[in-house]
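In: okay, sequence plus prediction incoming.
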Amino acid sequence: MLLSGLLCRLSNPLFAAGRKSSYHFMMKAFILAAGSGSRLRPLTDSVPKCLLPIQGAPLLEIWLENCAMAGISEVLVNVHSHAGKIRDFARTHKVPVRVHIAEEEELLGSAGTLAANRQFVSGEDVFFVLYGDVLTNLNLLDLLAFHRDHATVATLGIHHVPDPTQCGIVMTDEHDIVRGFVEKPAEPIGNWAFSGIMAARQQLFDFIPTSRPADIGFHLLPQLAGRMSAYRISAFLLDIGTLHTYRAAQSSWPGLAGTGKIEARQS
């Protein structure tokens, strides 16, 4: 079973044309997608935020394609609003990544979701945490290589933002170690923000509080100051959490390098 799955991934055009993993082919990732998408109404009245189309492709499909190119073989997606539609997508998608669904009748918070599903990544040296409403063509292998070169609990992908009051802001030293983290600061001291993309080791779970809901930005990352590294992202990255950014994505999204997917849809 493992051999046939590996051969399937290696023969897939996403690997042939794109970025191949130099580590192993059995990594895992959390894709956090339980948000209600209230700022995207009325679009999210009938469609979950993670399935909103970007130039014809559901956002979650784009994430799975990017994961496949990085050698991520399994993802766990937490769901709440429109859970049935996400389950249907998980059963019918064609990307060579296995999707596990964790439905939350009551929201656990982003950090709470990680804690509740810790067993999913048990035994993994490194795993990814990905926010489902982020659109990016970041090469996840670049962030992974950076993370493996640093002896930190986690590596945050960070990007430069115009309005730091709406983001989780990081303060780094000359060695790219995160010395401070503040979620949505009233008086920010910088413009480098957490992107919603993180590579982490098992020690991450030791810092998640026991109360629920528990949020990654408010309750987890501030506890990890001095134990995180920061990887500066230069690739395309856009949070599609508002109608304005979602509409902007339709014209600005360049596609995933090496797949030919967007070019095919536009031709």
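Out: All right, it came through fine.

In: was I right about residue 185 contacting residue 163?
Out: No: contact criterion Cβ atoms under 8 Å: residue 185 and residue 163 do not qualify, at 11.2 Å. Glycine gets a C-beta too; all of them are placed from N, C-alpha and C.

In: so those two - more neighbours on which side?
Out: More crowded of residue 185 and residue 163, by other Cβ atoms under 10 Å: residue 185, with 16 against 10.

In: how about the contacts made by the more buried one?
Out: 164-165, 169 (Cβ atoms under 8 Å, 6 or more residues apart in numbering).

In: a helix runs through residue 193, doesn't it?
Out: No: applying DSSP: H, G, I helix; E, B strand; the rest coil, one finds residue 193 to be strand, outside a helix.

In: list the contacts of residue 52.
Out: Under the criterion of Cβ under 8 Å, 6+ apart, the neighbours of residue 52 are 37, 40, 43-44, 58-59, 240, 246.

In: buried residues in stretch 102-109?
Out: For stretch 102-109, a neighbour-count test (16 or more other Cβ atoms under 10 Å) marks 102, 104, 107-109 as buried.

In: in helices only, show me these.
Out: Judged by DSSP state H, helices contain none of these.

In: pipe those into TSV and attach pLDDT per row.
Out: Shown next, in TSV, are these (pLDDT from 0 to 100):
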residue	pLDDT
102	97
104	96
107	95
108	97
109	96
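
In: so can I have JSON lines of these showing distance to residue 79?
Out: Shown next, in JSON lines, are the buried residues of stretch 102-109 (distance: Cβ to Cβ, whole Å):
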{"residue": "102", "distance to residue 79": "7"}
{"residue": "104", "distance to residue 79": "7"}
{"residue": "107", "distance to residue 79": "10"}
{"residue": "108", "distance to residue 79": "12"}
{"residue": "109", "distance to residue 79": "14"}
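
In: out of those residues, which is nearest to residue 115?
Out: Taking Cβ to Cβ as the measure, residue 115 lies nearest residue 108 of the buried residues of stretch 102-109, at 7.7 Å.

In: what's the distance between the closest one and residue 123?
Out: Per Cβ to Cβ, to the nearest Å, residue 108 is found 22 Å from residue 123.

In: coming back round to it: whichever of the contacts of residue 52 end up buried, select them in PyMOL.
Out: The PyMOL selection below is limited to those of these classed as buried (16+ other Cβ under 10 Å):
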select buried, resi 37+40+44+58+59+240+246
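
In: so which of the contacts of residue 52 sit within strands?
Out: If you go by DSSP state E, these have residue 58 in strands.

In: buried stuff in stretch 218-227?
Out: If you call a residue buried by 16+ other Cβ under 10 Å, then stretch 218-227 has these buried ones: 218-221, 223-224, 227.

In: now the strands for the stretch 101-250 of the chain?
Out: 127-131, 134-136, 154-160, 168-172, 177-183, 192-200, 228-232, 237-239 (DSSP state E, counting those that start in this stretch).

In: among those, which is nearest residue 86?
Out: Of all the strands of the stretch 101-250 of the chain, strand 127-131 sits nearest to residue 86, with 15.0 Å by Cβ to Cβ.

In: now do that closest one against strand 154-160, angle only.
Out: Relative orientation of strand 127-131 and strand 154-160, computed by axes from the mean of the first three to the mean of the last three Cα atoms, to 10 degrees: 30 degrees.

In: contact partners of strand 127-131?
Out: 27-32, 63, 67, 72, 110, 114, 121, 140, 144, 195-200, 216, 239.

In: before we move on, the earlier item: only the buried subset of the contacts of residue 185, as a PyMOL command please.
Out: Selecting the buried subset of the contacts of residue 185 in PyMOL, with 16+ other Cβ under 10 Å as the burial test, is done by:
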select buried, resi 164+169
